[in-house]
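Chemist: One predicted model, sequence on top.
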Amino acid sequence: MSKVYFIRNSESDYEKLGKEALKLLKKVVSENEHKFEKEVPIKVHFGEKGNKTFIPAKCYDEIIDYLKENQVSPVYIETNVLYRGSRTTTDLHIKTAKEHGFTQIPIVIADGEIGTEYDEIEINKEFISKCKIGKGYGKYKQFIVMSHFKGHVEAGFGGALKQLAMGFAARSGKLEQHSGISPIVNAEKCISCGICVEKCNFNAIEIPDAAVIDSSKCIGCAGCIAVCPKGAIRNTWGGSNFLEKLSEYAYGASKDKDIIFITFVHNITEDCDCSGRHMKPIADNIGILAGKDPVALDTACLDLVQQNSGQKLFEKGRVSLRHAEKIGLGSMKYELIQID
């Protein structure tokens, strides 16, 4: 049974939330006799342009100051997104992050300019044999993964597991989780400019009239999605076993890594922070949770949201939790320890 630490807080005082996040971090550090490396990345979500309910940058100030006071150099770390948006390329991603206030420390986009740089992490699980994890993650042994617990159309909810699975995966890893197949081309939108051909390192694209992707050569890196100026190339989002693949990628992302997880159960919306629109919360703020086991942490968050709302919100996500427990990522059994 894993320990999950909890501070109840229903207020929208982000400075106070930051102080409580630090309190939880110190608790986990103390209980686990944790020793920080000289460099520790903080995994966050910067929020898509237009989104208003992502966890604000000021919630991380206290932890950043604490790390610096203890001679630890923190950076923010992320990977580029699979879809076309304000975080599709590194330049756009960093621009969006800074516009959203994430200027306290350097930003590392771990999978390169268009999301094609990765290391393969061998896991040999039921659906995934090797995870494509952003190359920049490989140089670090420790992470602080800070998540926002909220809904997600396909995953049921987004929390610690999704921060690992999608947040650590390079664009090709995201594609593998969602579909496991090559992108497709909308011939009517294609202008035959040849940029995708030029950027493809695997000679998988030809342009007889419109772009055509050879699935026998395509490795699913999805770089063509990022560079197409007309948005003519896209993922189908039609894959099977997404919930299980997500758990297996979370396993691969955390393999041989030392991670502390902190999750804000605030601004609980029906969809995730990748949605570039303003959404109204669908449940009351609950507080902040932390621990070393992402499965226990997500289970505790889900249970609290359902208990507090009186509804079976985000229940779909239990499929991922059960599979994560099955493959040895963590335990759904937890001891919830509330601290003042």
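Modeler: That came in fine, so what should we check first?
Chemist: now for the helix or strand containing Ser30, which elements pack on it?
Modeler: Using DSSP states H and E, Ser30 sits in helix 14-31. Where contact means 3 or more C-beta pairs under 8 Å, 6 or more residues apart in numbering; DSSP states H and E, helix 14-31 is packed against strand 2-8, helix 61-69, strand 258-265, strand 287-291. C-beta coordinates here come from the backbone N, C-alpha and C atoms, glycine included.
Chemist: Buried residues in that helix, which are they?
Modeler: By 16 or more other C-beta atoms under 10 Å, the buried positions in helix 14-31 come out as Tyr14, Leu17, Gly18, Glu20, Ala21, Leu22, Lys23, Leu24, Leu25, Lys27, Val28.
Chemist: and if you look at stretch 233-249?
Modeler: By 16+ other C-beta under 10 Å, the buried positions in stretch 233-249 come out as 233-235, 239, 241-249.
Chemist: ok, back up a step: which element follows the helix holding Ser30 toward the C-terminus?
Modeler: Next along the chain after helix 14-31, with elements defined by DSSP H and E, is strand 39-43.
Chemist: What are the neighbouring residues in contact with Val227?
Modeler: Neighbour list for Val227: Ile114, Ile195, Cys196, Lys199 [criterion: C-beta atoms under 8 Å, 6 or more residues apart in numbering].
Chemist: redo that, cut-off 10 Å
Modeler: Counting by C-beta atoms under 10 Å, 6 or more residues apart in numbering, Val227 touches Thr88, Thr89, Glu113, Ile114, Cys193, Ile195, Cys196, Glu198, Lys199, Cys200, Ile233.
Chemist: Can you verify the fifth one is assigned to a strand?
Modeler: Okay, so that is Cys193. No. The assignment for Cys193 is coil, going by DSSP: H, G, I helix; E, B strand; the rest coil, so no strand is present there.
Chemist: what's near enough to touch the nearest residue to it once chain neighbours are set aside?
Modeler: With sequence-adjacent residues excluded and distances taken as C-beta to C-beta, 6 or more residues apart in numbering, Cys193 is closest to Pro229, at 6.6 Å. By C-beta under 10 Å, 6+ apart, the residues touching Pro229 are Ile191, Cys193, Ile195, Cys196.
Chemist: Quick one: the residues you listed as a markdown table, columns for neighbour count, distance to Ile262 and pLDDT too.
Modeler: Converted to a markdown table, the contacts of Pro229 look like this (neighbours: other C-beta atoms under 10 Å; distance: C-beta to C-beta, whole Å; pLDDT from 0 to 100):
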| residue | neighbour count | distance to Ile262 | pLDDT |
| --- | --- | --- | --- |
| Ile191 | 12 | 45 | 95 |
| Cys193 | 15 | 44 | 96 |
| Ile195 | 16 | 40 | 94 |
| Cys196 | 26 | 39 | 93 |
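Chemist: Which strand residues bridge the closest residue to Tyr140 other than its chain neighbours?
Modeler: Spatial nearest neighbour of Tyr140, chain neighbours left out: Pro41 (5.5 Å); criterion: C-beta to C-beta, 6+ apart. As for beta bridges, Pro41 partners with Val75 under DSSP bridges.
Chemist: how many neighbours does Pro41 have?
Modeler: By the criterion of other C-beta atoms under 10 Å, Pro41 has 24 neighbours.
Chemist: that's a strand at Arg322, yeah?
Modeler: No. Going by three-state DSSP, the assignment for Arg322 is helix, not a strand.
Chemist: unless I'm mixing things up, Gly112 is touching Gly223, no?
Modeler: Yes. Shown here, Gly112 and Gly223 form a contact pair, counting by C-beta atoms under 10 Å, at 9.1 Å.
Chemist: Quick check: neighbours shared by the two?
Modeler: Counting by C-beta under 10 Å, 6+ apart, the common neighbours of Gly112 and Gly223 are Asn80, Ala170, Arg171.
Chemist: quick one: low-confidence ranges for this protein?
Modeler: Along the chain, the model assigns pLDDT under 70 to residues 180-181, 236-239.
Chemist: so what are the domain limits for it?
Modeler: Listed by automatic domain parsing, the domain ranges of the chain are 2-177+239-338, 182-235.
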